[in-house]
Structures are given as C-alpha cells and as structure tokens.
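Asks: my questions are about this predicted structure, shown below with the sequence.
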Amino acid sequence: MKNTTPVQSYDGEQIYVGIDVHKKTYVVVARVNQVIVKKWSTTAKPADLAAQLLKYFPGGNIHTVYEAGFSGFVLHRELNRRGIDNRVVHPAAVEVAVHNRVKTDKRDAEKLSTQLEAERLRGLRVPTPAQEERRMLSRTRSQLVQERTTIKHQIRMKAQQLGLIDPEDQREMSHQMVKELLSRSCPEGFKIAVQAHWQIWRALDEQIQQLTVQLKQQAESDPCEATYRSAPGVGAFSTRVLSNELGNLSAFANERQLFSYTRLTPTEHSSGEQTQRGHISKQGNRYLRAILLEIAWRAIRKDPDLRQFFERLHPRAGKKRAIVAVARKLIGRIRAAFRKGERSQTGYEISQLPTARRPHSRQACLR
C-alpha cells in the first residue's frame, strides 16, 4: 500500500541547513524558525543532496552551509545551480563553545545550521572553475618544491648520522654535494638510501621545470600580470601565486575584506576602552600569507617608503608585526593600482621565472 501522507509545504519559509561533509557521506541538519525539523545522512553525491533538499522542503527558501576543506567547491556549485543559497565557510569561523569536548557529525551539522540561521557565518570567496584550474599549477609547483626540500633534509640527516657532514656545516644540499657524499667510503646501505632519495629529487626537478614553463605561458595571457609584477618585491612566481589566488583585486569591496582573505588581520580583544591585538587570524587563504610576507621582506629593500615604514614600526612592535604591517600596506597599494587601472608608480620589472632557488626560510618553499 502506497504512503499517502501529504508532503509538508514550506512555502515562504526560511530553511537553514548545516552539512557536515565527509569523503563518503554528508550529515545534514535542517532548522526552521529555530527548531530542528529534520536530520539525515546521505551519500556524498552533490546532485543527490540537492534533489533531497528540494524534495523535503518544497516551496521553501533553502540556505545551506558547509566548511571548506578537501571536498572543494563541487557541492557549492551544484547547490547554487539548483537554486539553493549555499555558503562555504572557513573552519576557524565556526564558533565553538568553551569546554565543549563532545564532537559528533550530527552536532557539527547542527552547529552549522544554528549559526547560519543566526547570521553568524560569513561565506568564503569561492573561485570560478577557471580560477581553480589556473591556481592548481602554482599550488602544485609549491607543493613539489616543498617535497624537494624535504628530500634534501632527509639526505642531510642520513649523512649527519654517519658523521659525513659536520652539524655546523650550513651549506645547501646540492646535487654536487650528493655526488661528493657518494664518492666517499661509506656503508652500502647509506649509498642505496641516498640514491633512492636522489632519484626522487631529480624527478621533482624535472616536474618543477615543466610546471615553470606552463606558468610562464599562463603569465603571457594574464591581464593581471603587469600590475602585480610592477609592485616592489613581487617576483615572477609570486606574481603567479597572487594572480591565481586573488585575481583582480578590484573585486574586494574594501581593504579589510582583502586583509582578512590574505590572513593579514590580527585577532582583537576589546574591553571597555582597552583594545588588544593578538596573533594573526587563521581565517582566509592559507597559501597567501607566507608569500606576502616574503614579498614584504624583499620590498623593504627595494622601496624607500616601505623601508621607512618598517623602521618606524619595528622598534616598538617587533620585526614580525612590522613586516605584517608592510605586507598589508603593500597589498593595499596593489589593490589601489587595480582600482585606478594603472601600474604601481614605485614598481620595477623582474626577470625570468626561476626554475630552482635556495629556500632561505620556511616561507621560501612557496616561491
């Protein structure tokens, strides 16, 4: 016998849905007028979830939210395509109750739906599919450079264990240095291990070079290339990162929005007339902050105004906070250049995209 129970109408109602995204499943909690009306789990198929939402809440204005992560934006785009208002939020933006140590998928989904209904969640800036494809090249190159740096450290550690490299030796691990190590009288196991690492290193060099060529070709057709390259401290590869991650900075309504997206906004604790600024917020694009700080260090050597700004700040604020302030000032200047449709007046041109550089710092692996 068929179920003849009529489907509840949600005409004109505001439906707030939290989605806890996993590799194989979505855990979903829906609220209407501050009351949970439905909880369920479904397979992690965006089209299926969109169809379920439209079926369960006919006539309603459906608003959904999930945390950014491994799943990317496929679900976001499918929900929007089906007329469902979706937001993707940074995990750090989701409020967590003090001393709340109970964490389950349903609780996470319920928390998302509650904060969405209360308008306490602000969506991320979602890239277009074309933007996502472009930045995949620069992100992949950065990841491979990081892997190559790890391989170099592993070879150095093995050599130091056998006393083949003095702990005080600060030379960069190079191909020539590996050849010298292998030419010495050392255990056969060491040689086999180093050869295995070295083979991976050389393969990474080849892949990095191929991506470098692709990025050079990408730069030739990028309308944002000239504006980024004209800013002090911005090199060829850092231009690719900034352009692929940020695009035309005119899209940011104000500098506060830009600073937040680039992780250059400090946390703030205000009480009465006192305001204390803490560590940099973890919200925003994690690929940008390190590259912007590296650019800022180069910029203060090239731009007299930025150098003076840095020197005025660092005695009282410290070098770390001062360089963050320089990075904010510089990215704000680049945004102004985009808004004016002209190149930075204090900029300079930088030569060809590098194929391999020594990582002088932890941030250098993003070059």
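Replies: Structure received.
Asks: any idea how far K329 is from A322?
Replies: A322 sits 11 Å away from K329, taking Cβ to Cβ, to the nearest Å as the criterion. Backbone N, C-alpha and C define where each C-beta goes, glycine included.
Asks: shouldn't I151 be in contact with A203?
Replies: No - between I151 and A203 there is no contact under Cβ atoms under 8 Å: 9.9 Å.
Asks: looking at the two, which is more packed in?
Replies: I151 (20 against 13; other Cβ atoms under 10 Å).
Asks: what sits against the more buried one?
Replies: Residues in contact with I151 (Cβ atoms under 8 Å, 6 or more residues apart in numbering) are H197, I200, W201, L204.
Asks: wait, the first one touches M157, no?
Replies: What that stands for is H197. No - checked against Cβ under 8 Å, the pair H197 and M157 is beyond contact range at 10.4 Å.
Asks: between the two, which is the more surrounded one?
Replies: Between H197 and M157, counting by other Cβ under 10 Å, H197 is the more crowded of the two (17 against 10).
Asks: what stretches of the stretch 101-250 of the chain score poorly on pLDDT?
Replies: Applying pLDDT under 70 to the stretch 101-250 of the chain flags residues 101-102.
Asks: please enumerate the strands of it.
Replies: Ranges of strands in the stretch 101-250 of the chain, per DSSP state E, counting those that start in this stretch: none exist.
Asks: now the helices: where do they sit in it?
Replies: 105-117, 129-161, 175-183, 188-220, 225-229, 236-246 (DSSP state H, counting those that start in this stretch).
Asks: got these as a markdown table, with distance to F309 columns?
Replies: Formatted as a markdown table, the helices of the stretch 101-250 of the chain follow (distance: least, Cβ to Cβ, whole Å):
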| stretch | distance to F309 |
| --- | --- |
| helix 105-117 | 38 |
| helix 129-161 | 28 |
| helix 175-183 | 40 |
| helix 188-220 | 29 |
| helix 225-229 | 20 |
| helix 236-246 | 20 |
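Asks: out of those helices, nearest to D11?
Replies: The closest of those to D11 is helix 105-117. By Cβ to Cβ, the value is 18.6 Å.
Asks: list the contacts of Q14.
Replies: Neighbouring residues of Q14 by Cβ under 8 Å, 6+ apart: V32, G60, N61, H63, E117.
Asks: to clarify, my last question referred to A193.
Replies: Contacts of A193 were listed using Cβ under 8 Å, 6+ apart, and they are K158.
Asks: my guess is T227 contacts F338. True?
Replies: Yes - counting by Cβ under 8 Å, T227 does reach F338; the two are 5.9 Å apart.
Asks: the more surrounded of the two?
Replies: Set side by side, T227 and F338 show more neighbours around T227, with 25 against 20, by other Cβ under 10 Å.
Asks: state the distance from that one to R335.
Replies: Counting by Cβ to Cβ, the gap from T227 to R335 is 10 Å.
Asks: pick the most buried one from the helices of the stretch 101-250 of the chain.
Replies: A comparison of these by mean neighbour count, using mean count of other Cβ atoms under 10 Å, puts helix 236-246 on top with a mean of 24.
Asks: helices or strands up against it?
Replies: Helices and strands touching helix 236-246, by 3 or more Cβ pairs under 8 Å, 6 or more residues apart in numbering; DSSP states H and E, are helix 129-161, helix 188-220, helix 225-229, helix 289-302.
Asks: coming back round to it: turn the contacts of I151 into JSON lines, including distance to A251.
Replies: JSON lines is the format used below for these (distance: Cβ to Cβ, whole Å):
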{"residue": "H197", "distance to A251": "43"}
{"residue": "I200", "distance to A251": "40"}
{"residue": "W201", "distance to A251": "39"}
{"residue": "L204", "distance to A251": "34"}
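Asks: specify which member of the residues you listed is nearest to F73.
Replies: Taking Cβ to Cβ as the measure, F73 lies nearest L204 of the contacts of I151, at 28.5 Å.
Asks: quick one, what contacts that closest one?
Replies: Applying Cβ under 8 Å, 6+ apart to L204 gives the contacts L144, E147, R148, I151.
Asks: what's the span of stretch 231-250, first residue to last?
Replies: 16 Å (Cα to Cα, to the nearest Å).
Asks: over to stretch 35-54?
Replies: Note: stretch 35-54 ends 19 Å apart using Cα to Cα.
Asks: now do stretch 239-255
Replies: End-to-end for stretch 239-255, by Cα to Cα: 19 Å.
Asks: can you tell me what sits against it?
Replies: 125, 131, 134-135, 137-139, 142, 215, 218-219, 222-225, 228-229, 234, 258, 261-262, 285, 287-288, 291-292, 328, 331-332, 334-335, 338-339, 353, 366.
Asks: again, only this time at 6 Å
Replies: Where contact means Cβ atoms under 6 Å, 6 or more residues apart in numbering, the residues beyond stretch 239-255 that reach it are 134-135, 138, 215, 222, 224, 228-229, 258, 285, 287-288, 291, 332, 335, 338-339.
Asks: reformat the helices and strands packed on helix 236-246 as JSON lines; add distance to I84.
Replies: Listed next are the helices and strands packed on helix 236-246 as JSON lines, based on distance: least, Cβ to Cβ, whole Å:
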{"stretch": "helix 129-161", "distance to I84": "18"}
{"stretch": "helix 188-220", "distance to I84": "33"}
{"stretch": "helix 225-229", "distance to I84": "35"}
{"stretch": "helix 289-302", "distance to I84": "32"}
